[in-house]
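Student: My questions are about this predicted structure, shown below with the sequence.
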Amino acid sequence: MLSGPLGRSWRVLGTGFSFIVFGVSALLLSVTVCPLLALTAPSRAVARARIQRALHYGCRFFVGLMKTVGVISYELHGIERLAQAPSGAKGRLILANHPSLIDAVFLLAWTPQAVCIVKQALKHNPFLSWTVNWSGYVSNDTPMRLIQSCVQTLDDGQALIMFPEGTRSVPGQALEFKRGAAWIALRSEAEILPVVIRCEPIMLTKGRRWYQVPPRPGHFTIVVGEPMPLASYRSAGSSPAQAAARLTQQLQRTLDPQRIGCTVAAPVWSLR
């Protein structure tokens, strides 16, 4: 593996090449593959499932490409849980911290069928709107509509990927989660699957340009925990706001990337 200035230059080129491939592939999927999958499907549900799986394979290819060109490396723990069916009739709420730009790509790469939250503008993008709309992805229109759409997605039995921070983490600062994820979990009563992501050295973080690569390839460690029980947060006598606040605090502790590699006394659920 190349090191020093030459290695850094190679990773800048590799990162740029990977994102160009990602953009071109996304465009081709949106204007060719996804319309074909949708138009030949017997129902909208089948079309949605087909397109979600196509995006899953596309993300898996992108992660493999970044690893092949030497931009990243990764290790996965409990990753098979992302592909397992939830225990109940509801879907599964996959919650993760958000240290880098490609966290959602990692999760989609190992979740065969899942819904993500996207910007409202993508719903009207002439190149990507077909894929976004037919995949069932949820737009961040307004907080109330977002919560309703997410709850409906989980009621329909689908997996939903969310980042409770709402944006990428700021390096060196403590996690600060919004309560939206907790509200959605409590209203839908869907099980939570916690995912902790850590990248060392940091790369593609908030406020950092794509070409500002670290001195060595970023190493991602992704740990998927066991489903989280919610019964204790819906205890009698507590208001919905109190339950959401307690759940949000617990999520901040559990999804802290510093937990990776540490022994935690009396964990709420296993991280392996």
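Tutor: Nice, thanks for sending it over.
Student: Show me the longest strand that occurs in this structure.
Tutor: With secondary structure taken from DSSP state E, the chain has its longest strand at strand 191-200.
Student: and the next helix or strand after that strand, how far out from the chain's middle?
Tutor: Per DSSP states H and E, the first helix or strand lying C-terminal to strand 191-200 is strand 218-224. Centre-to-centre, strand 218-224 and its host chain are 13 Å apart (Cα atoms, centre = their mean, to the nearest Å).
Student: For strand 218-224, which strands pair with it and how are they oriented?
Tutor: strand 72-77 (parallel), strand 191-200 (antiparallel) (DSSP bridges).
Student: Next, format those strands as CSV and append mean neighbour count.
Tutor: C-beta: built from backbone N, CA, C; applies to glycine. Shown next, in CSV, are the strands paired with strand 218-224 (neighbours: other Cβ atoms under 10 Å):
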stretch, mean neighbour count
strand 72-77, 16
strand 191-200, 22
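Student: got the buried residues for stretch 155-163?
Tutor: Q158, A159, L160, I161, M162, F163 (16 or more other Cβ atoms under 10 Å).
Student: got the end-to-end distance for it?
Tutor: One end of stretch 155-163 to the other measures 19 Å (Cα to Cα, to the nearest Å).
Student: quick check, distance from that stretch to the centre of its chain.
Tutor: With Cα atoms, centre = their mean, you get 11 Å for stretch 155-163.
Student: For the protein, just list every one of the strands.
Tutor: 72-77, 92-96, 117-118, 138-139, 160-162, 191-200, 218-224.
Student: Pipe those strands into JSON lines and attach mean pLDDT and distance to G23 per row.
Tutor: Formatted as JSON lines, the strands of the chain follow (pLDDT from 0 to 100; distance: least, Cβ to Cβ, whole Å):
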{"stretch": "strand 72-77", "mean pLDDT": "96", "distance to G23": "18"}
{"stretch": "strand 92-96", "mean pLDDT": "96", "distance to G23": "24"}
{"stretch": "strand 117-118", "mean pLDDT": "90", "distance to G23": "15"}
{"stretch": "strand 138-139", "mean pLDDT": "90", "distance to G23": "20"}
{"stretch": "strand 160-162", "mean pLDDT": "97", "distance to G23": "21"}
{"stretch": "strand 191-200", "mean pLDDT": "95", "distance to G23": "22"}
{"stretch": "strand 218-224", "mean pLDDT": "96", "distance to G23": "20"}
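Student: Among the ones you listed, single out whichever gets nearest to S30.
Tutor: strand 117-118 (12.7 Å; Cβ to Cβ).
Student: Can you tell me the strand partners of the closest one and which way each runs?
Tutor: Short version: by DSSP bridges, strand 117-118 pairs with strand 138-139 (parallel).
Student: Perfect, I'm done here.
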